[in-house]
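**Q** Can you look at this prediction? I've put the sequence above it.
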Amino acid sequence: MFVLLAGASAKLAGHPDADRLIDDVSTVLGAQYWEDNHGLFADEWNRDWSPFSTYRGMNANMHGVEALLTTFEATGSESYLSMAGRILDFFVYRIAAAENWRLPEHYTEGWQVDRGYSGNPMFRPSGTTPGHSFELARLLLQYWDLSGRPDDKSRDTAWRLTERALIDAWDSAKGGFAYTLNFDGTPAISSRYWWPVTEAIGVLASFLKLGDDEAQHAWYSRLWHFADAHFIDHKNGGWFPEIDERGKPTTTQFQGKPDIYHSVQAALFPLTSGVSRLADGLRGKLIVQLEKV
């Protein structure tokens, strides 16, 4: 998924060899991972393409939507938009709508919610991950925009996903989001990481571009103030990945600053006026910012 995203990003940046990479990885994804009967991506295979497990997951498909939408923006090929729409339809309208707008992470081979699954506590934790609700909601808005903003329920649905995760996961006493939740929305892993805050900023920035809703504006302001006070490293740059009970940087899961992906996006999304085609909106703006630096 990330190779496809890289290829699409390279094409948007004008790289002459990007089409070859896009075509190559698209062929592999279509032949080996895409399950057309479900309209979803499988997760993993052995090196010889024999089955590795029966596990199916939301996370890989969410990043699939991200890559597919960017590839549609880069190529104009409707097949990428169509595939993204099928994935969104399953997780948003079939799963989240039936789960009180919470988003289960793990599934069986037949794409039934696997409520008993518990894998790596960092990368495949049990239950639901509210940061992914923010991310998928933003992608739903991007898909809706790229589809011509049809008169459907996409905008309201994206807010239901977002609002549910905000309410469930926000620590009203200390601030920040619980990393994972149980299926009833109660905290499971209460650790507070940077990336759910960045993803919430991203989706709220998208909503504010569509209209200045008071509640959305209040959340957006609250999150930036919290990030500024606890996660952003004003001395050395970047974001601290985790904070402790006192709101100070800690290293329980991460050493150093292993990821700039989420925090860079949080800084970039507010710079554009649109909820899709980020590259077009940013073209020229980053050059001006770098010149100032």
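**A** Nice, I can see it.

**Q** CA only for contacts and neighbour counts going forward, please
**A** Noted.

**Q** And the strands in the stretch 1-150 of the chain, which stretches?
**A** 34-35, 40-41, 56-57, 106-107 (DSSP state E, counting those that start in this stretch).

**Q** Minimum distance to K257: which of these has it?
**A** strand 56-57 (26.4 Å; CA to CA).

**Q** Direction included, what does the closest one pair up with?
**A** Sheet pairing for strand 56-57, assigned by DSSP bridges, gives strand 106-107 (antiparallel).

**Q** Next, the buried residues of stretch 236-245.
**A** Across stretch 236-245, burial judged by 16 or more other CA atoms under 10 Å covers W239, F240, P241, E242, I243.

**Q** Report the contact partners of V203.
**A** V203 sits next to F134, E135, A137, R138, T162 when contact means CA atoms under 8 Å, 6 or more residues apart in numbering.

**Q** just the buried members of the residues you listed?
**A** Buried among the contacts of V203 (16+ other CA under 10 Å): F134, E135, A137, R138, T162.

**Q** Tell me if I'm right that the first one and E199 touch.
**A** I take that to be F134. Yes - between F134 and E199 there is a contact under CA atoms under 8 Å: 5.7 Å.

**Q** what about the helices in the protein?
**A** 2-12, 18-28, 58-75, 78-88, 130-146, 154-169, 194-209, 214-230, 261-268, 278-282, 285-292 (DSSP state H).

**Q** Quick one: closest of the ones you listed to N120.
**A** helix 58-75 (13.4 Å).

**Q** what about the chain, any weak spots by pLDDT?
**A** By pLDDT under 70, the weakly predicted segments of the chain are 286-293.

**Q** ok, the residue most central in space within it to A266 distance?
**A** Among the residues of the chain, the one closest to the centroid is E135, at 3.0 Å (CA atoms, centre = their mean). Here the criterion is CA to CA, to the nearest Å. By it, E135 lies 11 Å from A266.

**Q** Mind listing the shared neighbours of those two?
**A** With CA under 8 Å, 6+ apart as the test, E135 and A266 both reach E199, G202.

**Q** from what I can see L12 touches R277, true?
**A** No - look at L12 against R277 with CA under 8 Å: they stay out of range, at 9.7 Å.

**Q** rewinding a little: from N236, how far out is the residue nearest to the centre of the chain?
**A** 27 Å.

**Q** Equivalent analysis for S276, please.
**A** 31 Å.

**Q** Right, I'll call it a day here.
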